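Participant: After the sequence you'll find the predicted model.
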Amino acid sequence: MQGHATTLSARTQTWLLAAVVLVVLPHLPRMPGWITLFAIGVGLFKLLLLRRPWHQPPRMLLALLTVAASAAVFFYYSTLLGKQAGVALLIVMLALKLLELHTLRDARLVIYLSYFLVITNFLFTQTIPIAVYMFVATLVITAALSAITHTSRQRPVGSHLRLAAVLLAQALPIMLVLFVFFPRVAGPLWGLPKDAYAGMTGLSDSMTPGAISSLAQSGATAFRVEFFGPAPAAELRYWRGPVLWHTDGRTWSPGRIGSYPRKPPDAVQNRGEALRYAVTLEGHDKPWLLALDLPVQISTRAVYTVDFQWLSYRPVRERIRYEATSWPHYDTGPLHSPLRKAALQLPEGVSPRVQELARDWRARADNDRAVVQQALDYFRSQPFVYTLQPPLLGDDPVDEFLFETRRGFCEHYAAAFVVLMRSAGVPARVVTGYQGGEYNPVGDYWLIRQADAHAWAEVWLPAAGWLRVDPTAAVAPERIEHPLDLDLQAAGTPARFRLLETGLLVRSWRRLQFAVDAVNNHWNQWVLSYGPQRQLELLAALGFRQASWREMALTLLLLIGGCLLGIALWMLLRTPGPSDPVLQAWQRYCKHLARLNIRRGASEGPRDFARRAIAAHPELAAQVCSITELYIRLRYGKPLQDSHEVKQLQQLVRRFPQHAG
Amino acid sequence: MPPFSMQTLTLRDRFRLQRFTRGLGVESGPVHLDRSRIFILPTASGLLFACMLLVMLFGAINYNNSMAHLFTFLVGSMAMVSILHTYRNLAGLGFSAGRSKPVFAGSRAGFEILVNNPGASPRYGIRLHSAEQPAVSIDLEGSHTVTATLYRDARQRGVLPLGRWTVSTRYPLGLLRAWAHLELRAECLVYPHPVNEGPIAQSPAYKPHQTGDRGRGVDDFAGFRPYRPGDSPRHVLWKAAAREQALLVKQFGGDRADEVWLDWEALPGMDTEARLSRLCRWVLDAHRNQQAYGLRLPGLEIGIASGNRHKHRCLEALAHFT
């Protein structure tokens, strides 16, 4: 089409460079060092070429570089697919293309690839600042597209930016319509590359010493909770995650028994008030749906297991929102024998010291509850330290932890406690999840971070059923009351907790953080997690219950058409007609006559036209004559128009009978 | 012909393919572009853009990425909105035929087109082109008229109509092209091609003129006139000068008068076009030599005269000769 061998002007090339720099920049920190250096190097070289047009690098060299760079990307990632490798390849290609801009087609390709790179940025992060930044980038890319389309003239830079701004502003309503009504399909459409869900953090389905403490150093959001009513006290805010039954002495795993489904709430009996709340869970690539202990009902499709977990049918890969009901005070009823067997499983070779300790407790207690109490007393009275950086443990971590290091994080306490209980003949298991959370007064919700990850134990007692026991609380009761303060952790020292801040500065800083997180929460709820599920809910709320595809498509088309029509009208109204008031009045007068079927010929003078009009409608003679004479005087007479006469003409035209026919 | 508008189109007319490919036929007077004349289709790069949007959408769906959805829709909506801008860039423009200078066959005839922007907003990248000419691009400020020239090859003598041409624009982003086919009543007179070879002009009119010979020569003494700088000293009337009378020069008239008849019959045995081409050359030569000349064609005679208007009258007669 327009691909003649035109050499693009330096101005055009500067536009392209600006667009590319804007979209590539946010990617650079994610890229391996050599790609970052390469991209920056090429960008600077291009800038130099623009200021001092040497002869361009030879085509052979560029071709060689292209092949070499693609090969380098391939060997670095051992693939060219996947988001990391794909983006790396795009950046390398785009950078090299900048050095080889000859035709308009090259320029268009650069622009299109830049639009594409905007989208790829969102595969890594979707925060509000990035969205705003990308909107600006889109504006510049569009201005660049306008600038390369109209190279022939020297339009000022601002006019392209203004045009792009107008286009984008007018596109916004249609974008919204499409965003809300365009039928959403639950992806993926085909197999995603392996690294698609890289970087999701969350609980794992197994627990080794140190697993949770490493998670506890992440400030990332795990989920947010809104309570429909008063929030429970801190000692009740245990968020249930994977339950671990089986241990080999070091690693804990769910075992086979735990995932058996059961019908909620089964034999569980409520011993208090029910709590209702909504959870917005971040994607963590695992099936469990975190809920307050003990969850009995959930609003999304999920399986209820024998150990009271809710499991989604598919791994939770994007943020989802569900409502749930929990009974904080409960009685789970009897324990069936296969479960009892699993809850008493012990690894080979529990050390004699551990067995001795458990036997001692059993001997001194007359029931299971007393055994549990003695264990808790033991943890409380012995010099145990709660720390995020516990020393490494050897082959028998339970024994080593209990009798030698005595420094550990929650998983150490939970694991040791359960092994001791089982050795003493009390059915027990490890439960992982989150504990606590931080209240956001701005948004009225609780924020639970990965740092709140926790592990505790459950024992089965004949009178109460499964009962939560948190040995960590015995060692560090403040852990339960206050979240960990990530900023104050240092290696090997006891864990520090976030206590009440009193300083005004600190308080305002916290407030600001709350506000930012509240905004983020809304962004997540309404923008980022808008998917097939939310679309259905919204459409149902708007009255489209079980709308067919045909209806949906029709609605979409009507809405888009309506938007376009509105924009078209707005553009038309804003487009001023002839700026000359005399001409405007004359045209209005001609329109009036046209309605009477008297149309002015293209070359017909005003007088001839008037003669024809009077012949057809003699009753209008007076008006036609005065308008025509005034028009001729104003338009062809004196060089300066008399504003009084102009007004007179406008008035005459306004009074002209409009529907005289 | 009444001014054209959508209301006067019957439904059948409206969907005639001819309107799409060729336009509406010859029209006189200024033509204003409205929605009945303007067509819009995506360009090749617009189609490529659409493909890119599709890929972006698949990416967004595949990764279940909300912001990718949002920005794909943003860019797509922008392309939709640009349809309106492309249309508006052409809508309302007025076109009328300007002058076109006569040309000789074998050269290019230029037709002036007056493009008028009645609105206040500027129009950018308005391209005019015809089958025989690559596009000329013009920009129009608000309430301005710009003259563009369309060229056609003038292959044969006669009247050359401008024919159908196209006004188009790819504003604002080059994704779409709006166009309208126009055929204004504009004509260019094409004179025959003046050949160089062949016989030179004959049949000079040697008869003395009835009102006396006004020609200048060296043969016959015709009288005296006052000296003008540049006169030959040999013609100065030195005797009178010696008597300190006025400085006079002798004036001579020649009876080899500079009058010539350019005659069709003087070129026997040639075909019509060759004769006309030869006559055309003679007219030009005679005009250049400041001769007075007349033209005789079968059934037409233009009397002896000289000057630009005479020349054009003769050339016009040659152009129109049948």
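Facilitator: Great, that's in hand. Computed from a predicted model, the values in this text were never measured in an experiment.

Participant: Please list all residues in contact with residue B:304.
Facilitator: Residue B:304 sits next to B:205, B:259, B:261, B:292, B:293, B:294 when contact means CB atoms under 8 Å, 6 or more residues apart in numbering or on different chains. In short, each C-beta sits where N, CA and C put it, glycine included.

Participant: Identify the bridge partners of the third one.
Facilitator: Just to be clear, that refers to residue B:261. Beta-bridge pairing of residue B:261 under DSSP bridges involves residue B:294.

Participant: gap between it and chain A?
Facilitator: Using CB to the nearest CB, to the nearest Å, we find residue B:261 at a distance of 42 Å from chain A.

Participant: any weak-confidence spans in chain B?
Facilitator: Within chain B, the ranges that satisfy pLDDT under 70 run B:1-25, B:28-29, B:198-222, B:252-258.

Participant: At the geometric centre of it, which residue sits there?
Facilitator: Closest residue to the average C-alpha location of chain B: residue B:110 at 2.8 Å, with CA atoms, centre = their mean.

Participant: mind checking which helix or strand that one is in?
Facilitator: Assigned by DSSP states H and E, residue B:110 belongs to strand B:108-117.

Participant: re the thing from before, quick check: PyMOL command selecting the buried ones in the contacts of residue B:304.
Facilitator: Buried subset of those, written as a PyMOL selection, criterion 16 or more other CB atoms under 10 Å in any protein chain shown:
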select buried, chain B and resi 259+261+292+293+294
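
Participant: for the contacts of residue B:304, which one is nearest residue A:262?
Facilitator: When the contacts of residue B:304 are ranked by distance to residue A:262 (CB to CB), residue B:293 comes first, at 118.8 Å.

Participant: I'd guessed the closest one sits against residue B:261; true?
Facilitator: Yes: the criterion here is CB atoms under 8 Å, and residue B:293 meets it with residue B:261 at 7.1 Å.

Participant: Next, count neighbours for residue A:356.
Facilitator: 11 (other CB atoms under 10 Å in any protein chain shown).

Participant: How many neighbouring residues does residue B:303 have?
Facilitator: Residues lying near residue B:303 (other CB under 10 Å) number 11.

Participant: OK, contacts around the closest residue in space to it that isn't next to it in sequence?
Facilitator: Closest residue to residue B:303 apart from its sequence neighbours, by CB to CB, 6 or more residues apart in numbering or on different chains: residue B:294 at 5.2 Å. For residue B:294, the contact set (CB under 8 Å, 6+ apart) comprises B:205, B:259, B:260, B:261, B:262, B:301, B:302, B:303, B:304, B:305.

Participant: which outside residues touch stretch A:11-19?
Facilitator: Outside stretch A:11-19, the residues within contact range by CB under 8 Å, 6+ apart are A:8, A:43, A:46-47, A:50, A:98, A:101, A:107, A:110-111, A:114, A:137, A:140-141, A:143-144, A:147-148, A:151, A:160.

Participant: Of those residues, which ones also sit close to chain B?
Facilitator: Filtering these for proximity to chain B by CB under 8 Å from any CB of the partner chain leaves residue A:148.

Participant: quick one on the thing from earlier: chain center to the following helix or strand past the strand holding residue B:110, what's the gap?
Facilitator: Note on strand B:108-117: by DSSP H and E, the next helix or strand toward the C-terminus is strand B:123-130. Strand B:123-130 has its C-alpha centroid displaced from the chain centroid by 18 Å (CA atoms, centre = their mean, to the nearest Å).

Participant: Check stretch A:390-398 too.
Facilitator: 39 Å.

Participant: Over to stretch A:529-546?
Facilitator: 19 Å.

Participant: Helix, strand, or coil at the residue in the stretch 151-300 of chain B positioned nearest to chain A?
Facilitator: Here the stretch 151-300 of chain B gets closest to chain A at one residue, residue B:174, 3.8 Å apart by CB to the nearest CB. Following DSSP: H, G, I helix; E, B strand; the rest coil, residue B:174 is assigned to coil.

Participant: Which residue, other than its chain neighbours, is closest to it?
Facilitator: residue A:149 (3.8 Å).

Participant: and residue 290, what are its phi and psi?
Facilitator: Using chain A here. As for residue A:290, its main-chain torsions (degrees, to the nearest 10) stand at phi -70, psi 140.

Participant: right idea, wrong chain: chain B
Facilitator: The phi and psi values for residue B:290, taken as degrees, to the nearest 10, are phi 60, psi 30.

Participant: ok, how many other residues are close to it?
Facilitator: 9.

Participant: Over to residue A:434?
Facilitator: Residues near residue A:434, counting by other CB under 10 Å, number 23.

Participant: which residues does it contact?
Facilitator: A:222, A:223, A:238, A:239, A:241, A:290, A:448, A:452, A:453, A:454.

Participant: repeat that with 10 Å
Facilitator: A:202-203, A:215, A:222-223, A:237-241, A:290, A:448-454 (CB atoms under 10 Å, 6 or more residues apart in numbering or on different chains).

Participant: Ok, residue A:310 next?
Facilitator: A:240, A:264, A:287-291, A:295-298, A:300, A:302-304, A:322, A:324.

Participant: Mind doing that once more with 8 Å?
Facilitator: A:288, A:289, A:291, A:295, A:298, A:302, A:303, A:304, A:324.

Participant: likewise residue A:418?
Facilitator: So residue A:418 contacts A:247, A:428, A:429, A:430, A:457 (CB under 8 Å, 6+ apart).

Participant: And the residues you listed, which of them are buried?
Facilitator: Among the contacts of residue A:418, those classed as buried by 16+ other CB under 10 Å are A:247, A:428, A:429, A:430, A:457.

Participant: okay, those in CSV with distance to chain B and pLDDT next?
Facilitator: As requested, the buried ones among the contacts of residue A:418 are exported to CSV (distance: CB to the nearest CB, whole Å; pLDDT from 0 to 100):
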residue, distance to chain B, pLDDT
A:247, 36, 89
A:428, 40, 93
A:429, 34, 93
A:430, 33, 92
A:457, 37, 92
